[in-house]
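Student: Here's a sequence, model it:
(one chain, ligands or ions: 1)
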Amino acid sequence: MKTARLIYNPTSGREEMKKRLADILDRLDIGGIEASCHATTGEGDATAAAADAVERGYDMIIAAGGDGTLNEVINGMAEKPNLPPLGVLPLGTTNDFARAMGIPKNWEDSCDLILRNEMRMIDLGKANDRYFINIAGGGSLTELTYEVPSRLKTMMGQLAYYLKGIEKMASLSPQELVIRANGQETISGEFMLFLIANTNSVGGFEKLAPDARIDDGLFDVIALKKCTLPEFIRLVRLALSGKHLKDKKIIYFRTDAMEVTSPGPVQLNLDGELGGNLPGYFQVLPHHLQVFAQNN
Ligand SMILES: Nc1ncnc2c1ncn2[C@@H]1O[C@H](COP(=O)(O)OP(=O)(O)OP(=O)(O)O)[C@@H](O)[C@H]1O
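Tutor: Sure thing, here's the model as predicted:
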């Protein structure tokens, strides 16, 4: 038997974990994985639980919840030596990472993926002293992700973000940024947002960073220059089909390390959660973690 630490957020998504826990443990057990559980109690708890699980020597860690839970789990793991592989049961409102990795949303199939023991080595991102698995960003629009109340998400799922997005668009404001990246000239100007993508699935858009690969040792960086609301709507439309990267309002490049500074206060967003403020120093940690996923 292999051992697993199942770290789950009982409040994620539509609280499916509360209903499914016994079934999940049963399915893993039949497949040869004996899992013990940790239900998270609030912010930061999954980080402590993941760090503890690495130290206790489990054969694997399984994170069940949304991108927020996953971010907390990798933050507990990233700095430890001898990392066990990570399994993901995507039961949150937003599961961008799982979508990018082709991890099924259905709990039976995502358990079976872990049981098949197929893994991929992936890059992690480091932002100052914290880590991200999917995306880092900043600018007024990225604040959207933590302005949506948890209860609203439980009731309405992804729709809650779209409603908040429409409300937020009216108050779009640019910020002065200086971006210095390895292999690039220094870029400075007024920007609506910047995104540093590790995967191609970002904020529910599958084509926002269409060429981002999780194991190429590089970030795909997208910055949106100051624009008007109609220009922004035009770009969102283009982004739906992945045709925005060549637009004159967009800056797009790849790098393995970069620094972003601003004369004003700019919050950082890491995998949809608050991640401190600028200045930010971002670095790829190539092939840092093994994740259960189809190896294609
Ligand atoms: N028991 C708990 N009660 C309330 N909040 C919790 C609890 N456990 C963890 N959390 C917090 O819930 C946040 C969101 O979790 P998660 O991402 O799993 O769910 P979600 O429904 O997808 O929400 P989001 O879309 O914001 O990520 C986590 O960042 C974590 O800090």
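
Student: make it CA atoms for all contacts and neighbour counts henceforth
Tutor: Noted.

Student: Residues touching stretch 37-45, excluding its own?
Tutor: With contact meaning Cα atoms under 8 Å, 6 or more residues apart in numbering, stretch 37-45 is reached by 5-10, 46, 49, 72.

Student: Buried residues in that stretch, which are they?
Tutor: Neighbour counts over stretch 37-45 (16 or more other Cα atoms under 10 Å) mark 38-40, 45 as buried.

Student: out of the contacts of stretch 37-45, which are buried?
Tutor: Of those, these count as buried by 16+ other Cα under 10 Å: 5-10, 46, 49, 72.

Student: I'd like these as TSV, with distance to Arg20 and secondary structure appended.
Tutor: Putting the buried ones among the contacts of stretch 37-45 into TSV (distance: Cα to Cα, whole Å; DSSP: H, G, I helix; E, B strand; the rest coil) gives the following:
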residue	distance to Arg20	secondary structure
Arg5	16	strand
Leu6	13	strand
Ile7	14	strand
Tyr8	11	strand
Asn9	12	coil
Pro10	10	coil
Ala46	19	helix
Ala49	21	helix
Glu72	22	helix
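
Student: closest to the ligand among these?
Tutor: Using Cα to the nearest ligand atom, Asn9 comes nearest to the ligand of these, at 4.8 Å.

Student: Tell me the confidence at Gln283?
Tutor: Reported pLDDT at Gln283 in the predicted model: 98.

Student: I'd assumed Arg130 was in contact with it.
Tutor: No - using Cα atoms under 8 Å as the test, Gln283 is too far from Arg130 to be in contact (10.6 Å).

Student: Same drill for the two, tell me which one is more crowded.
Tutor: Each of Gln283 and Arg130 has its neighbours counted (other Cα atoms under 10 Å); Gln283 has more, 21 against 18.

Student: Run through the residues of the protein sitting next to the ligand.
Tutor: 9-13, 40-44, 65-69, 92-94 (Cα under 6 Å from any ligand atom).

Student: how does it look with 8 Å?
Tutor: 8-15, 39-46, 64-72, 91-95, 145-146, 148, 150, 153-154, 157, 272-273 (Cα under 8 Å from any ligand atom).

Student: how about the buried ones among the contacts of stretch 37-45 in CSV, adding pLDDT and distance to Glu206?
Tutor: Formatted as CSV, those follow (pLDDT from 0 to 100; distance: Cα to Cα, whole Å):
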residue, pLDDT, distance to Glu206
Arg5, 98, 30
Leu6, 98, 28
Ile7, 98, 27
Tyr8, 97, 25
Asn9, 96, 25
Pro10, 95, 27
Ala46, 98, 27
Ala49, 98, 31
Glu72, 98, 23
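
Student: Make a markdown table from these and add distance to Ala212 to it.
Tutor: What follows is the buried ones among the contacts of stretch 37-45, written out as a markdown table (distance: Cα to Cα, whole Å):
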| residue | distance to Ala212 |
| --- | --- |
| Arg5 | 30 |
| Leu6 | 29 |
| Ile7 | 28 |
| Tyr8 | 28 |
| Asn9 | 28 |
| Pro10 | 31 |
| Ala46 | 27 |
| Ala49 | 30 |
| Glu72 | 22 |
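
Student: Show me what counts as buried in the lengthiest strand in the chain.
Tutor: If you go by DSSP state E, the chain has its longest strand at strand 280-292. Residues 280-286, 288-292 are the ones in strand 280-292 that count as buried (16+ other Cα under 10 Å).

Student: where does the stretch 51-200 of the chain dip in pLDDT?
Tutor: Residue ranges of the stretch 51-200 of the chain with pLDDT under 70: 141-171.

Student: quick one, strands of the stretch 151-296 of the chain?
Tutor: Along the stretch 151-296 of the chain, the segments classed as strands by DSSP state E, counting those that start in this stretch run 175-181, 187-197, 219-225, 250-255, 257-261, 267-270, 273-277, 280-292.

Student: Switch those over to CSV; also include distance to Glu34.
Tutor: Shown next, in CSV, are those (distance: least, Cα to Cα, whole Å):
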stretch, distance to Glu34
strand 175-181, 45
strand 187-197, 34
strand 219-225, 36
strand 250-255, 41
strand 257-261, 39
strand 267-270, 32
strand 273-277, 31
strand 280-292, 16
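
Student: Relative to Pro84, which of these is closest?
Tutor: Nearest to Pro84 among the strands of the stretch 151-296 of the chain is strand 280-292 (7.5 Å), distances taken as Cα to Cα.
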